[in-house]
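Student: sharing a model that was predicted from the sequence below.
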Amino acid sequence: MPLVAHTDLPSFERLRQRGQEVLSLTRATTQDIRELHIGLLNMMPDAALEITERQFMRLVGNSNQIAQFYVHVFSVPGLARSAETQAYIDQYYTSFESVKQEGLDALIITGANVANPSLDQEDFWHPLTEVIEWARENVTSTLCSCLSTHALMKYFHGIERVKRDRKLWGVFEHRVTQAHHPLLREINTRFDVPHSRWNSITREHFEKAGLTVLIHSIEGEVHMAVSPDQLRMVYFQGHPEYDINSLLKEYKRDLLGYFSGQNAQPPYPENYFPVEARELADRYAQQAQSALERGEELPVFPEEQFTPYLDNTWGDTARAIFNNWLGSVYQVTSLDRHIAFDEGVDPCDPLDILQMN
């Protein structure tokens, strides 16, 4: 069922313009359909803030469950923001206090940029842990993306992420390790997931913490794991929410950063650029280097020329997993507790409830 535009958040209209079904609040309230309230704690940096909203909201809205989805977007203090972005947040985002008062059925926590060697040194650490503590007691399921997965592994289990020798960056083949798990129903057993990170939590670390690894790749490492109850905490290390051009935009940012002296020359994202895209990248790099040597401005990066050569090989599986996740949340929150007791099911155990069907 569709997203409900219950606030003036611009992403609702942007998604509608791109073909996403988005109901007005007036129309939604005339329908006798169950509501699911999904929180989106958006900690992404300014440049990725709005696109991250739309990426996760699209995954939620594409779920086939019989529910109307109310997405409540909020952030936390301690994140570096420009005046313009902070004004956007102040105008369109809700507050954590409002989220606590209204309640959530599920919560998504995005990644964030960090500036310190340890996550608990970040200014956003304590505000984030306040959200985590509240969600642990009050939200049926919390889904974490990339950096937030690393933060929760440190907070809950004292496990530090490991710095990699080189950035894990590209699209990597993954396999399901628990084919009959409720969150993996009817998905491909082998598929791709984008990754973009310098740090990792290993499979051994996840399993040492008592978590169940659901999706793993030797190349891309662990992508998905869940808490022992199999639903309350869902951990992603990859980025299934990415658009087809998300890695391209990261490559563009890093390449332009190289020519401005901010960072080293980036490699191609692995398993993402076909030969034609690599040739375009090489051609642009040569033109940019020549412009620098002549003291001229850099040429415009030809982003639109790359697009025909790029493939999205992860989107269908991402939608299926989100569909299963939100379906599981719906099932757990909808099931009458007395029925659960009558059938010998622990109503506090999501796995018992999910296995009833």
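Tutor: It's in.
Student: only C-alpha atoms for contact and neighbour calcs from this point on.
Tutor: Fine.
Student: report the beta-bridge partners for the spatially most central residue of the chain.
Tutor: Nearest to the geometric centre of the chain sits residue 145, at 4.4 Å (CA atoms, centre = their mean). Using DSSP bridges, the beta-bridge partners of residue 145 come out as residue 236.
Student: quick one: contacts for it?
Tutor: Residue 145 makes contact with 108, 109, 110, 111, 235, 236, 237, 238, 239 under the criterion CA atoms under 8 Å, 6 or more residues apart in numbering.
Student: hang on, isn't the third one packed against residue 48?
Tutor: The one in question is residue 110. No. Counting by CA atoms under 8 Å, residue 110 sits too far from residue 48 to count as a contact (10.8 Å).
Student: neighbour count winner among those two?
Tutor: Shown here are residue 110 and residue 48; by other CA atoms under 10 Å, residue 110 has more neighbours (24 against 13).
Student: circling back: want to throw the contacts of residue 145 into a markdown table with pLDDT and distance to residue 37?
Tutor: Shown next, in a markdown table, are the contacts of residue 145 (pLDDT from 0 to 100; distance: CA to CA, whole Å):
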| residue | pLDDT | distance to residue 37 |
| --- | --- | --- |
| 108 | 98 | 11 |
| 109 | 98 | 14 |
| 110 | 98 | 17 |
| 111 | 95 | 21 |
| 235 | 98 | 20 |
| 236 | 98 | 21 |
| 237 | 97 | 24 |
| 238 | 96 | 24 |
| 239 | 97 | 22 |
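Student: pull the helix or strand with minimum mean pLDDT from this protein.
Tutor: Lowest on mean pLDDT, DSSP states H and E among the helices and strands of the chain sits helix 337-342, with a mean of 42.
Student: in stretch 193-201, what's buried?
Tutor: By neighbour count on 16 or more other CA atoms under 10 Å, the buried set for stretch 193-201 is 193, 194, 195, 196, 197, 199, 200, 201.
Student: my bad, should have said stretch 154-169
Tutor: Neighbour-count burial for stretch 154-169 flags 154, 155, 159, 160, 161, 167, 168, 169 (criterion: 16+ other CA under 10 Å).
Student: what's the end-to-end length of it?
Tutor: With CA to CA, to the nearest Å applied, stretch 154-169 spans 23 Å between its terminal residues.
Student: which residues touch that stretch?
Tutor: So stretch 154-169 is contacted by 129, 150, 153, 194-201, 205, 209, 220, 269-270 (CA under 8 Å, 6+ apart).
Student: do stretch 4-12 as well
Tutor: 22-25, 28, 50, 53-54, 68-71, 92-93.
Student: tell me the mean pLDDT for that stretch?
Tutor: The average pLDDT within stretch 4-12 is 94.
Student: ditto for stretch 135-142
Tutor: 96.
Student: I'd like the numbering to begin with 46 instead of 1 from here.
Tutor: Will do, 46 is the new start, and the previous item becomes stretch 180-187.
Student: and it, C-alpha only, in PDB?
Tutor: Presented in PDB, the C-alpha positions along stretch 180-187 are these (Å, rounded to 0.1, in the frame of the first residue of the first chain):
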ATOM      1  CA  ALA A 180      13.500   1.900  20.400                       C
ATOM      2  CA  ARG A 181      14.700  -1.200  22.200                       C
ATOM      3  CA  GLU A 182      11.700  -1.000  24.600                       C
ATOM      4  CA  ASN A 183       9.100   0.600  22.400                       C
ATOM      5  CA  VAL A 184       9.500  -0.400  18.700                       C
ATOM      6  CA  THR A 185       8.800  -3.800  17.200                       C
ATOM      7  CA  SER A 186      11.800  -3.700  14.900                       C
ATOM      8  CA  THR A 187      14.700  -1.400  14.200                       C
END
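Student: list the buried residues in that stretch.
Tutor: So for stretch 180-187, counting by 16+ other CA under 10 Å, buried means 180, 184, 185, 186, 187.
Student: relative to residue 132, which of those residues is nearest.
Tutor: If you rank these by distance to residue 132 using CA to CA, residue 180 comes first, at 26.4 Å.
Student: mind listing the strands for this structure?
Tutor: Remark: strands assigned in the chain by DSSP state E are 48-50, 67-69, 80-86, 113-119, 151-154, 186-190, 207-221, 235-245, 257-262, 266-271, 278-281.
Student: all good on my end, thank you.
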